[in-house]
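>>> Model the following, please.
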Amino acid sequence: MTGRVVCIDMSTRTLLWVVDGKPQYGMDVRFGDENNPTRKGKFDIYMKMKDCVSTIYHTPMPDAMFFSGGEAVHFSIDFATYGYAHHSHGCVNVRDRAAVERLFADTRVGDTVVVY
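Residues are numbered from 1 along each chain as shown. Okay, here's the model as predicted:
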C-alpha cells in the first residue's frame, strides 16, 4: 500500500498514523454518542487549524484536522481530564497533547482519513 492514512478504529478506540503501509505511531481516541455520532467512511483532510475554537460549541479544538463537515481529529482537554466518561459532538478527540501535536505536524491537507 502507498499513501498517508489516519486510520481510526472505533472498536478499539485507537488512531494509527500509517505511511506507505507502515504504522508510524498510535494514540487513544474517543468519539461522539448516538445523538452526535462520528461519521464512518473514507475522507480526506481538507483543512488544518492549529488554534481552532468551535463556532458551534465555543470550545477549544487545538490541532484540528478537519475531515468531514465540521468533524475533526483534535486534542480535547475534556478527554484528557475525564477520559471515556464523556463523549465528543462527533469529532475524534485525542487526550495526549504531544501525540496530537505530532500528528498535526506530520499530516498534510489531502491525506486520507479512514474511520471504521
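>>> So which residue is dead centre in the chain?
Residue closest to the mean C-alpha point of the chain, counted by Cα atoms, centre = their mean, is residue 73 at 2.1 Å.
>>> which residues make contact with stretch 88-102 from outside it?
Stretch 88-102 is contacted by residues 8, 15, 25, 27-32, 36-39, 56-57, 61-63, 70-76, 78-80, 83, 103, 115 when judged by Cβ atoms under 8 Å, 6 or more residues apart in numbering. All C-beta spots, glycine's among them, are computed from the backbone N, C-alpha and C.
>>> Could you tell me which ranges of the chain sit under the pLDDT cut-off?
Where the chain drops to pLDDT under 70, the residues are 1.
>>> all helices of it, in order?
77-82, 97-106 (DSSP state H).
>>> and residue 50, which of the ones you listed is closest to it?
Closest of these to residue 50 is helix 97-106, at 7.0 Å (criterion: Cβ to Cβ).
>>> Mind listing what's buried along the closest one?
99, 100, 102, 103, 104 (16 or more other Cβ atoms under 10 Å).
>>> Just the C-alphas of that helix, formatted as PDB.
Extracted as PDB, the C-alpha positions of helix 97-106 are listed here (Å, rounded to 0.1, in the frame of the first residue of the first chain):
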ATOM      1  CA  ARG A  97      -1.500  16.600  23.600                       C
ATOM      2  CA  ALA A  98       2.000  15.700  22.500                       C
ATOM      3  CA  ALA A  99       0.700  12.900  20.300                       C
ATOM      4  CA  VAL A 100      -1.800  15.100  18.500                       C
ATOM      5  CA  GLU A 101       0.700  17.900  18.000                       C
ATOM      6  CA  ARG A 102       3.000  15.300  16.400                       C
ATOM      7  CA  LEU A 103       0.200  14.100  14.100                       C
ATOM      8  CA  PHE A 104      -0.800  17.700  13.200                       C
ATOM      9  CA  ALA A 105       2.800  18.300  12.200                       C
ATOM     10  CA  ASP A 106       3.100  15.100  10.200                       C
END
